[in-house]
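*Asks:* Below are the sequence and a predicted model for it; my questions follow.
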Amino acid sequence: MKPLSRWSGALLGAAILAAGISGGSQEIAGIRGFRASRVESERELEQKLQSIPTAARAEANLRHLTSEPHMAGTDASRRVAEWLRDQYRSFGFDAEIVTYSAWLPLPLEVKLEMTAPEPRTLASPEQPFEQDPDTYDKRAVPGFNTYSPSGEVTAPVVYVNYGMQEDYRELESLGVSVEGKIVLARYGQGFRGIKAKLAEEHKAAGLILYSDPQDDGFVAGDTFPEGPWRPASGVQRGSILYTELHPGDPLTPGVGPNPSARHVLPADSATLPHIPTMPISAMDAAFILENLAGRHVPRRWQGGLPFTYHVGPGASQLHMKIAMDYAERPIYDVIAKLHGTNDHEWVILGNHHDAWVFGAADPGSGTASMMEAGRALGELVRSGWKPQRTIVICHWDAEEPGLIGSTEWVAAKRAELQEKALAYINTDVGVTGSHFSAAATPSLKEFVRDVTRQVGDPASKGTVYDAWRGHTARSFDEISGTARKAPKPEIAGEAPVGALGAGSDFSPFLDYAGIPSIDIGFGGDYGVYHSLYDDFYWMKHFGDPTFAYHAALARVLGVLALRLDEADILPFDYSAYASEISREQNELAARAAQEGTQASSLKPVAQASAQLSASASRASLSLRAVKATSIDPARAKELNRALVSVEQTLLTQGGLAGRPWFKHTIYAPGTYTGYAAETMPGVSESLDRNDPATLRIEADSLAAALRRAATRLDEVSNLARGAESSPAAGH
Ligand SMILES: [Zn+2]
């Protein structure tokens, strides 16, 4: 007889719920991935966990996190990291700070003057408001764009709407050139780094980004401090690093923080922009736009300022001067572990802790909530529970400049993570309202829905899931700081879980290391993104006045972690993944056929996708069969390992064409959108560029990845069947 373990020779499989079975319905009273005999104790554990997070504690956390501006590369960022480390130690975690050195600028001078038609000083500081003493804080960094070069330009201005690809096409059709001009672009529609890249590609001499009231100011609603939207003097800071090529330190592309790693020189970095760039407020932009000559803009280009916009050039002329102090500066990741019985399997949660100024919503709301999830897990351990696997909670530094803290950590630990990490759960702008939204790798979408069915929604008194399905979901869009439409539900009648693009710390985990990932948060009206006004006052008056949604987020995070930690067979669903791939593959094939380009290049993808679908359904059936019989712990471990590693088979070692850091063949941020996810990016972007040679290479690489995934799923089937007939676990 085998020695008694926590599995105690029981029929582990006896009622493991359909791990890996697609479909929207949850089996009543069961929990996906848990055998029947453990369901009750898991429910009790989850109840207990959910009873621990409080709104009051989350509020106290956020008050502390927002007590001073704490930008990456400053002493204040180190103080936040030390406080987080000490908090996790007090929760019972094994917590440490991992320090890296990163190439970071501090702005010395960011000056803008109008020289014609009349002299005027622009780039004014954000206005303080009596109601909110924090807005008088002298330590707030002025508006600037991280990774702008230093430089000085005097030139006429051209207004380029959002400054995206289609806008430049339109300008061309109007016969307006931006060469040698200062380009004025409004925020929105795409990542600001793409706007900088495009301005540079079109030979502009400088770039000014501004927040138009139509996008996140008074046209959207009441402005701060009367409402949640951006006031006229509000400035959106932010990085313009070319992260669509690779995130992380611009001088250590893809090599991680190893001190012996070859650093490239700033002049040779592929991700550092080359033209002076700065952000300004709507108030300052109004002076420039109102005085701009030239033809009036196309109808869609008109924003919310009360006069007719003109394209320029003419009349308005600007002098911009930017002086940056670039240096290697220390950054501080906080890594906190709650060790499990099995220290070789990790469930990882993370959010960044650096902020442009106070960062109440971005990232403080996510941090304050994640801390409550951590405290709850620590309390369970105090009351006698031992995690089955190790739970790792990470608070990254230098996310805002370019996902640096997470990217360097993942690069340094890639092999270990690919061996041990089961999943990465991210939250960033955790709470700006009451509307839950999620994005995830398809294998984990149904799991996210399952968990939100267990957590109460503060306002409706139903579950988070019911509220999520019920509302016309709007979620925060890091591109513009405005609400956006939710993705289409991938299963009719179910709440939609989106695709992971970029723009937060899940990117290195998924795109570079192939770790299955989830990103969640509660969204709402949020116009103060990356400004002085994203502070405690904003959260207390608009975002989450009672902090009930912070507590709810802590519960969702806690239960996600707990279930992955405790599941007998991990709740990964590859049938869902295979059907998403098949759907995307069909769309791409239709597009290729329509454009008459090289439809034959996509044949191998169609074949491999069909093979993957067949293997995924066989694996699902085998996993379903496991529940009718028994399985021993060693085999369960093997089976879990195989299930997790399917995601890694979708990586291609050489990466995508032109951007080798991005190794995932199914997901990447779009080269010309930045944040939004591009599905099957290699193939899709070759079609966009009408590049048949690259299309063939990328299609073959995608097909090979799909075949690898199919083979791995066949191994899952074999392991599940072997498990079924294993004499060791015998009756
Ligand atoms: Zn953030």
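*Replies:* Received, thanks.
*Asks:* Just give me the neighbour total for the nearest residue to residue 273 once chain neighbours are set aside.
*Replies:* Distances taken as CB to CB, 6 or more residues apart in numbering place residue 196 nearest to residue 273, at 4.5 Å, with adjacent residues excluded. (Each C-beta comes from the backbone N, C-alpha and C, glycine too.) Burial of residue 196 is recorded as 28 neighbouring residues (other CB atoms under 10 Å).
*Asks:* Tell me which helix or strand residue 196 sits in.
*Replies:* helix 192-201 (DSSP states H and E).
*Asks:* separation between the residue positioned nearest the centre of the chain and residue 243?
*Replies:* The chain has residue 504 as the residue nearest its centroid, 3.2 Å off, counting by CA atoms, centre = their mean. To residue 243, residue 504 is 11 Å away according to CB to CB, to the nearest Å.
*Asks:* any common contacting residues for these two?
*Replies:* Common contact partners of residue 504 and residue 243 (CB atoms under 8 Å, 6 or more residues apart in numbering): residue 403.
*Asks:* quick revisit: test my guess that the residue nearest to residue 273 contacts residue 240.
*Replies:* Yes: Residue 196 lies in contact with residue 240 (CB atoms under 8 Å); the separation is 4.0 Å.
*Asks:* other SSEs contacting the one helix or strand residue 683 maps to?
*Replies:* Using DSSP H and E, residue 683 sits in helix 681-689. Judged by 3 or more CB pairs under 8 Å, 6 or more residues apart in numbering; DSSP states H and E, helix 681-689 is in contact with helix 574-594, helix 692-725.
*Asks:* Buried residues in the helix or strand that comes right after the first one, which are they?
*Replies:* Spelled out, that is helix 574-594. Toward the C-terminus, helix 574-594 is succeeded by helix 603-626 as the next helix or strand (DSSP H and E). Buried residues in helix 603-626, counted by 16 or more other CB atoms under 10 Å: 604-606, 608-609, 611-613, 615-624, 626.
*Asks:* What helices and strands are in contact with helix 603-626?
*Replies:* By 3+ CB pairs under 8 Å, 6+ apart, helix 603-626 packs against helix 574-594, helix 692-725.
*Asks:* okay, those in TSV with mean pLDDT next?
*Replies:* Formatted as TSV, those follow (pLDDT from 0 to 100):
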stretch	mean pLDDT
helix 574-594	93
helix 692-725	91
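*Asks:* Flag every residue of this protein that's near the ion.
*Replies:* 362-363, 428 (CB under 5 Å from the ion).
*Asks:* Please produce JSON lines containing those, extended by neighbour count and distance to residue 112.
*Replies:* Shown next, in JSON lines, are the residues of the chain next to the ion (neighbours: other CB atoms under 10 Å; distance: CB to CB, whole Å):
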{"residue": "362", "neighbour count": "29", "distance to residue 112": "25"}
{"residue": "363", "neighbour count": "27", "distance to residue 112": "29"}
{"residue": "428", "neighbour count": "24", "distance to residue 112": "30"}
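*Asks:* got those residues as a markdown table, with distance to residue 343, secondary structure and pLDDT columns?
*Replies:* Formatted as a markdown table, the residues of the chain next to the ion follow (distance: CB to CB, whole Å; DSSP: H, G, I helix; E, B strand; the rest coil; pLDDT from 0 to 100):
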| residue | distance to residue 343 | secondary structure | pLDDT |
| --- | --- | --- | --- |
| 362 | 33 | helix | 97 |
| 363 | 28 | helix | 97 |
| 428 | 28 | coil | 94 |
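*Asks:* re the thing from before, make a markdown table out of the helices and strands packed on helix 603-626 and add mean neighbour count and distance to residue 271.
*Replies:* Formatted as a markdown table, the helices and strands packed on helix 603-626 follow (neighbours: other CB atoms under 10 Å; distance: least, CB to CB, whole Å):
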| stretch | mean neighbour count | distance to residue 271 |
| --- | --- | --- |
| helix 574-594 | 19 | 28 |
| helix 692-725 | 21 | 21 |
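*Asks:* just the CA coordinates of stretch 144-155, formatted as PDB?
*Replies:* Provided in PDB are the C-alpha atoms of stretch 144-155 (Å, rounded to 0.1, in the frame of the first residue of the first chain):
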ATOM      1  CA  PHE A 144       7.100  64.900 -19.900                       C
ATOM      2  CA  ASN A 145       7.400  61.900 -22.100                       C
ATOM      3  CA  THR A 146       9.900  59.300 -20.900                       C
ATOM      4  CA  TYR A 147      12.600  58.500 -23.400                       C
ATOM      5  CA  SER A 148      12.200  61.600 -25.400                       C
ATOM      6  CA  PRO A 149      15.700  62.700 -26.400                       C
ATOM      7  CA  SER A 150      16.900  66.100 -25.300                       C
ATOM      8  CA  GLY A 151      16.700  68.700 -28.000                       C
ATOM      9  CA  GLU A 152      15.600  72.100 -29.100                       C
ATOM     10  CA  VAL A 153      13.300  72.900 -32.100                       C
ATOM     11  CA  THR A 154      11.700  76.000 -33.500                       C
ATOM     12  CA  ALA A 155       9.200  75.200 -36.300                       C
END
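*Asks:* per-residue confidence averaged over it?
*Replies:* Stretch 144-155 shows a mean pLDDT of 98.
*Asks:* and of the helices and strands packed on helix 681-689, who's closest to residue 39?
*Replies:* For residue 39, the closest of the helices and strands packed on helix 681-689 is helix 692-725, at 19.7 Å, according to CB to CB.
*Asks:* now for that closest one, which elements pack on it?
*Replies:* Partner elements for helix 692-725 (3+ CB pairs under 8 Å, 6+ apart): helix 574-594, helix 603-626, helix 633-649, helix 681-689.
*Asks:* between those helices, which one is nearest to residue 454?
*Replies:* helix 574-594 (19.7 Å).
*Asks:* Without its sequence neighbours, what residue ends up closest to the residue of the stretch 501-650 of the chain found nearest the ion?
*Replies:* In the stretch 501-650 of the chain, the residue that lies nearest the ion is residue 504 (6.2 Å; CB to the ion). Spatial nearest neighbour of residue 504, chain neighbours left out: residue 428 (4.4 Å); criterion: CB to CB, 6+ apart.
*Asks:* again, but for residue 165
*Replies:* Residue 165 sits nearest to residue 672 (CB to CB, 6+ apart), 5.3 Å away.
*Asks:* what sits against that neighbour?
*Replies:* Each residue near residue 672 by CB under 8 Å, 6+ apart is listed here: 164-165, 190, 194, 198, 244.
*Asks:* Excluding sequence neighbours, find me the nearest residue to residue 108.
*Replies:* residue 323 (4.3 Å).
*Asks:* likewise residue 678?
*Replies:* Closest to residue 678 by CB to CB, 6+ apart is residue 670, at 4.1 Å.
*Asks:* which residues touch the one you found?
*Replies:* Counting by CB under 8 Å, 6+ apart, residue 670 has contacts 244, 501, 676-678, 681, 685.
*Asks:* And for residue 558?
*Replies:* 49-50, 52-53, 372-373, 376-377.
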